[in-house]
Every structure is written in structure tokens, then in C-alpha cells.
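In: below are the sequence and a predicted model; questions follow.
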Amino acid sequence: MTAYEIQAASYNDDISHLLDLYIKLADREMAYGLYDPKFSSFIALKSFPLSTPDDLRDIVNHEFTKTYRSSRIIIENNQSALFPENLFDRNKAKDIFSFTTPFNANEETLYTDHLKTSGMLNVFKISNLLKEIITPYFPQAKITHYATALLSGLMVNSNDETEFTAHVNPDFFHIVITKNNKLIFCNSFEYETIEDILYYILASYEHFEFSPKTQPLKLYGSINRFDELKDLLNTYIMFTELGERPANFSFDKAFDQLPEHLYFPLLSLPLCES
């Protein structure tokens, strides 16, 4: 059963070869969007719950029977680390990455994303099991980390005001602070309760000497208790607002049914194209 099924009324499969396919893979969900690069417009989005690797295989076999202009997959996990590009030795990537995140070379594969606007590299890992599932179906697909897409979307629209953002996923979330198209801070945190999320956000406010009375918080993502989380944050932070879709693209009117704070990294993926 799909969680969301959005499609432009004018869409037909005959134009698939003109479209870019963007896929999000997470432990509990798969989602994909179809993007028309000619008009810089998203025209479709579907999402599916996942329970087992067989669910992923079934969805891929059923959904992706057409040829697309290009494809890119974002991996949604918190197994990534940012490094300054001019200080990172790619020949020693496994050793350097292992200092920050446990890595098993027999069971996992490292990937590296370049963050165009920050001079940073996002190094991340995925399991070989997942790699073996997706590679036969999408042999030409580019693999990207979800945090790369998240940061790309946030930084490209950053302005001279400090922007404090939280993007919440099941089990972990990211705090991102940007200003003047520059990344000030980015970190991921595991959590068990929404009170944990509040703790890490308020601790970050205190660390950067932001006032909860004056510094707004922008909130993205989705969890079962999202409305409760927003109410809790509103108790301590005066200006908590839901995030908006990337302003760089247009969205078919069918997207009106989709809350704007959802799927921000997926919908930012065109910004990751080289």
C-alpha cells in the first residue's frame, strides 16, 4: 500500500525517457519522485512502507518498468561524516572514516559526495546487502547520501539571516545551521523520545548562544508523533515553523495534497546533479 501517490494529470509513461528518477531508500520506507528537467518541475511522487528486503524487490519490479533519462538514489541513514575536502585523503578514506563511524569493509561500502557550495565532502556507508539489491535494477544510478541533498537544499537558499533547521527521521535527526550560503553546523543525533529531540535542539541553541525567544526553528521530516513534537518545541521556542519545499523548482498542482515539510531531501536532489 502506498503512503502517498501523487501524479500530474498530464503525465503518461511515454515521456519517462525525458524524466529524471529520484529515489529515497530508508529502513522503513521507499519513495521516489519524477522530475522534468526541461521545466524544472516535479510531476510525480510515490512512497511505500518497507518491512523486509523482499518488499523493496517487489516494489522495484512493479514500479520501474520504464527507461528514465537518469536516476539517482539517496540513502537515508545517519552513517555519514563531513570532512573538509582540501584535508581529506581519498586514498585513506576507510581509515579516516573509521575514526568517526564504525566501518566493516567486508560488509559495507563507502561512498563520497561533494558538497558544491561548502568545500566539504560527505563520506557515508551502505550495507553490501542493500548495494546488491539496488545495483542490478539501477546499474547507472548515482548513489547519494540524504544529508548531502538536505544540505544542498538548505544552503542554496540560505540568506544573511542565521537559519536553524531540524530534519527529523525515525530514530535519528539532523540539526543544520546555515548563514550566507555557508554551513555553520551539521550533526545527527539518535533519539528514543521526542523529549530527546527537544534536549539536543535546546543544547544547540545554548552552545551557539541563540535565544529561543528570537531565533526561529524550521522543522522538516516525519515521525509518528510529529504533531506532538511541534507542540513540544513551541513550548520552548517562540518561532517554530514547518519547512517549505525547495524554491528552486516548480511542483505540479497534484503536490498540493503533500505537506511541504515532507521529502525535502528527495525534492532537493536536482541540486546534487553535476
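Out: Arrived safely.
In: C-alpha only now, for contacts and for neighbours.
Out: OK.
In: what sits up against stretch 104-116?
Out: Contacts to stretch 104-116, defined as Cα atoms under 8 Å, 6 or more residues apart in numbering, come from residues 94, 120-129, 143-145, 148, 151-152.
In: which parts of that stretch are buried?
Out: Judged by neighbour count (16 or more other Cα atoms under 10 Å), stretch 104-116 contains these buried residues: T109, L110, T112, D113, H114, L115.
In: repeat for stretch 147-157
Out: Going by neighbour count (16+ other Cα under 10 Å), the buried part of stretch 147-157 is A147, T148, A149, L150, L151, S152, G153, L154, M155, V156.
In: over to stretch 197-207?
Out: Result for stretch 197-207 [16+ other Cα under 10 Å]: buried residues I197, L198, Y200, I201, L202, S204, Y205.
In: which strand or helix spans the fourth one?
Out: With elements taken from DSSP states H and E, the one containing I201 is helix 194-207.
In: where do the strands of the stretch 1-150 of the chain begin and end?
Out: 4-7, 20-25, 29-36, 41-49, 70-75, 80-84, 108-115, 120-127, 142-145 (DSSP state E, counting those that start in this stretch).
In: with F249 as the reference, name the closest of those strands.
Out: strand 41-49 (5.5 Å; Cα to Cα).
In: now the closest one against strand 20-25, angle please.
Out: On the basis of axes from the mean of the first three to the mean of the last three Cα atoms, to 10 degrees, strand 41-49 is oriented at 30 degrees to strand 20-25.
In: who touches strand 41-49?
Out: The contact list for strand 41-49, computed with Cα under 8 Å, 6+ apart, reads 1-8, 11, 28-36, 249-252, 254-255, 267.
In: apply 7 Å and report the result again.
Out: The contact list for strand 41-49, computed with Cα atoms under 7 Å, 6 or more residues apart in numbering, reads 1-8, 28-36, 249-252.
In: ok, now how distant is the closest residue to F124 other than its chain neighbours from L217?
Out: In space, and not counting its chain neighbours, F124 is closest to S80: 4.0 Å by Cα to Cα, 6 or more residues apart in numbering. Remark: distance between S80 and L217 (Cα to Cα, to the nearest Å) = 24 Å.
In: quick one: the strands in the stretch 151-274 of the chain?
Out: 163-168, 172-179, 182-190, 217-221, 240-242, 250-251.
In: what's the angle from the fourth one to strand 172-179?
Out: Here strand 217-221 runs at an angle of 140 degrees relative to strand 172-179 (the same axes, to 10 degrees).
In: now strand 217-221 - C-alpha only, CSV.
Out: Written as CSV, here are the backbone C-alpha positions of strand 217-221 (Å, rounded to 0.1, in the frame of the first residue of the first chain):
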residue,chain,number,x,y,z
LEU,A,217,13.5,27.0,14.2
LYS,A,218,12.5,25.4,10.9
LEU,A,219,11.2,21.8,11.2
TYR,A,220,11.2,19.2,8.4
GLY,A,221,10.7,15.4,8.3
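In: other SSEs contacting it?
Out: When contacts are defined as 3 or more Cα pairs under 7 Å, 6 or more residues apart in numbering; DSSP states H and E, strand 217-221 packs onto strand 163-168, strand 240-242.
In: fine by me, we can end here.
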